[in-house]
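S.K.: Based on what follows, work out the 3D shape:
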Amino acid sequence: MIKIGLVGAGYWGKNLIRNIMESKEAALNIVCDIDKAKLTKVKKRYPGVKITTNYLSLVNDKSIDAVVISANVNSHHNLAKKAIKNRKHVFVEKPMADTVERAEELVELANKNKLTLMVGHTFLYSPPVIKIKEILQNNGIGKVYYISSSRVNLGIHQKDVSVIFDLAPHDFSILSYWLDEVPIKV
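M.R.: Below is the predicted model of the structure:
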């Protein structure tokens, strides 16, 4: 059983908390947030889960195997770095960091410590995305020369970054997955 600490009990964090609680392979031990009202709601719904406003107490907790980060984008790098330095596996919502250099630093640090660092690219687990990948792998439509992508519904997006920085990672991760390539230039 993987013991998890989660930071960020807001809009998306609530979904992650629910998913972890429903998992038979993971246990949510601690939820951290700077908003005490959010923590009160978590405690009311899940009385067995510890709550804290102190992130360091979460990452220093020896019983925690992995940290799930669903906080503001501008905090992802520092939170993930502290977790990795404390020998925790990390699942971080996209985007992993606010610069390529900071993202690469996290990857190197996780690799050096033989820890898993995973970014929450949720669409990669979507049946239509998986089906298109199968079609492409089986040459079902021939060679791909061009893909156009547009968003018809922006929905709710992060307030600490632009909507492009918030939502474009979905498109880039899907394209990279489908084509088995990484962008040369964006």
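
S.K.: Quick one: distance of the lengthiest helix in the chain to the chain centre.
M.R.: Longest helix in the chain, counting residues (DSSP state H): helix 163-179. When distances are taken as C-alpha atoms, centre = their mean, to the nearest Å, helix 163-179 is centred 13 Å away from the chain's centroid.

S.K.: what packs against it?
M.R.: helix 127-137 (3 or more C-beta pairs under 8 Å, 6 or more residues apart in numbering; DSSP states H and E). Placement of C-beta: from N, CA and C, glycine included.

S.K.: tell me what the helix it packs on is packed against?
M.R.: helix 163-179.

S.K.: Flag every buried residue along the helix it packs on.
M.R.: 166, 167, 168, 169, 170, 172, 173, 174, 177, 178 (16 or more other C-beta atoms under 10 Å).

S.K.: What's the first helix or strand after the helix or strand hosting residue 76?
M.R.: Using DSSP states H and E, residue 76 maps to helix 76-85. Per DSSP H and E, the first helix or strand lying C-terminal to helix 76-85 is strand 89-93.

S.K.: Neighbouring strands of that next one in the sheet, and parallel or not?
M.R.: strand 66-69 (parallel), strand 117-120 (parallel) (DSSP bridges).
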